[in-house]
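K.L.:
Here is my input; please provide its structure:
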Amino acid sequence: MMKNSLSEAKRQIQIQKKLIKTYEGLSKNGHKCKFCKKMFISIEFLSQHYKKKHPNEVLEKEPERKTDIKEIQSSIGKYVNNILDNSVKKLEQMISENQKIDDNRKEENKNENEKIIEKVVEKTILMVK
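P.N.:
Residues are numbered from 1 along each chain as shown. Below is the predicted model:
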């Protein structure tokens, strides 16, 4: 169970790292919608967005490019921190669950050892009589 949980957590972290790289790429080379401030990888995607979401808006010849570096850094920082916070919470939860499993196993072993000791004592008493 612990292996599955850890591999799932690792898989989620890999997915999140890819998302971060994609987001960073957008912030450097992306194209920003003038109306809702969404970012797009290419002019083509931005043009499709305009047609679907802002069909009645008047556009200039070329869409505005994202240039505010501080805004980008802040946005990426928030995004990365959110991903890291979620990953840490998931890992802490997995550790807690594994600790409970370990505690249960220890209790089971303790109970089993007590039963064995009781049987040994009973047999010893019978042998002495």
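K.L.:
Show the backbone phi and psi for the residue found closest to residue 30 once you drop the neighbours it is linked to in the chain.
P.N.:
Spatial nearest neighbour of residue 30, excluding adjacent residues (C-beta to C-beta, 6 or more residues apart in numbering): residue 39 at 4.2 Å. Heads up, the C-betas are built off the backbone N, CA and C, glycines and all. For residue 39, the backbone dihedrals (degrees, to the nearest 10) come out as phi -110, psi 150.
K.L.:
Quick one: distance of the lengthiest helix in the chain to the chain centre.
P.N.:
Longest helix in the chain by number of residues (criterion: DSSP state H): helix 69-128. Counting by C-alpha atoms, centre = their mean, to the nearest Å, helix 69-128 is centred 20 Å from the centre of its parent chain.
K.L.:
Distance check, residue 48 against residue 42.
P.N.:
Distance from residue 48 to residue 42, counting by C-beta to C-beta, to the nearest Å: 10 Å.
K.L.:
nope, residue 79 is what I meant
P.N.:
When residue 79 is compared with residue 42 (using C-beta to C-beta), they lie 21 Å apart.
K.L.:
for residue 70, same thing?
P.N.:
24 Å.
K.L.:
Of the two, which one has the most company?
P.N.:
Neighbour tally, residue 70 and residue 42, criterion other C-beta atoms under 10 Å: the higher count belongs to residue 42, 11 against 7.
K.L.:
how about that one, phi and psi?
P.N.:
phi -130, psi 160.
K.L.:
That one: what's its closest spatial neighbour, skipping adjacent residues?
P.N.:
Spatial nearest neighbour of residue 42, chain neighbours left out: residue 31 (7.0 Å); criterion: C-beta to C-beta, 6+ apart.
K.L.:
Quick check, pLDDT for residue 60.
P.N.:
As predicted, residue 60 sits at a pLDDT of 61.
K.L.:
What residues does the residue nearest to the spatial centre of the chain make contact with?
P.N.:
In the chain, the centroid-proximal residue (C-alpha atoms, centre = their mean) is residue 87; its distance is 4.2 Å. Contact analysis of residue 87 by C-beta atoms under 8 Å, 6 or more residues apart in numbering lists 9, 12-13, 16.
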